[in-house]
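*Asks:* fold the following and give me the result.
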Amino acid sequence: MLTEIQVEETRVVARFDRMPNAVRDEMVKVVQVERLVLEALVKRKLSGEILNVVTGRLRRSIFSDVEAPGDAVTGTVSQSGDVPYGARHEFGFTGAETVAAHVRTITQAFGHAIAPRAVAVRSFTRTANTPERSFLRSSLADRAEAIVAALKGAVARGISG
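*Replies:* Next up, the predicted model:
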């Protein structure tokens, strides 16, 4: 029946020869719970454990979903693509980046306060070195054993009826 449960870097995969409805129903329940627990852990890591909150935008971009088409049950915890710096923190980044020309408001000159004034800043290239601060993959790694145990329990409950 259950051929294998495998924890990969970004997902947990359970393989079955076939999946009876009782097992499928139990798996859906467990995956629903585990994806919520994993989502909460990711958001906790983004609330000061790994990254400190500035605007909360990255934390709000985390979402989870469960899909159960046919014999498959898939739980996903991910980050929406509207926060581009999420991947930079998750995987780290070292390299050159170009900063576009922009306008900056200055309120100090040579250490003395001045009336706010807009100053044009030209485009420039800088070297960035952002260390990896994984919040998604590390959360999955933290929960992997519990998720596998919960999936095995769901299979056992589904088989026993």
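*Asks:* please count neighbours and contacts with C-alpha atoms only from this point.
*Replies:* Will do.
*Asks:* shouldn't Ile159 be in contact with Asp25?
*Replies:* No: between Ile159 and Asp25 there is no contact, the gap being 11.0 Å when judged by C-alpha atoms under 8 Å.
*Asks:* separation between Ala146 and Val155?
*Replies:* From Ala146 over to Val155 the distance is 14 Å, taken as C-alpha to C-alpha, to the nearest Å.
*Asks:* quick one, which of the two is more surrounded?
*Replies:* Taking other C-alpha atoms under 10 Å, Ala146 and Val155 do not tie; Val155 has more neighbours (23 against 13).
*Asks:* which residue sits closest to the more buried one, ignoring its sequence neighbours?
*Replies:* Val23 (5.4 Å; C-alpha to C-alpha, 6 or more residues apart in numbering).
*Asks:* need the contact list for the one you found.
*Replies:* With contacts defined as C-alpha atoms under 8 Å, 6 or more residues apart in numbering, Val23 is in contact with Ala154, Val155, Ala156, Arg157, Gly158, Ile159.
*Asks:* show me which of those is closest to Glu67.
*Replies:* Ala154 (16.7 Å; C-alpha to C-alpha).
*Asks:* what are the ranges of the helices in this structure?
*Replies:* Counting by DSSP state H, one finds helices in the chain at the ranges 21-44, 57-60, 85-91, 137-160.
*Asks:* excluding its own residues, what touches the second one? List them.
*Replies:* Identification of contacts with helix 57-60 by C-alpha under 8 Å, 6+ apart yields Lys43, Leu46, Ser47, Gln79, Val83, Gly86.
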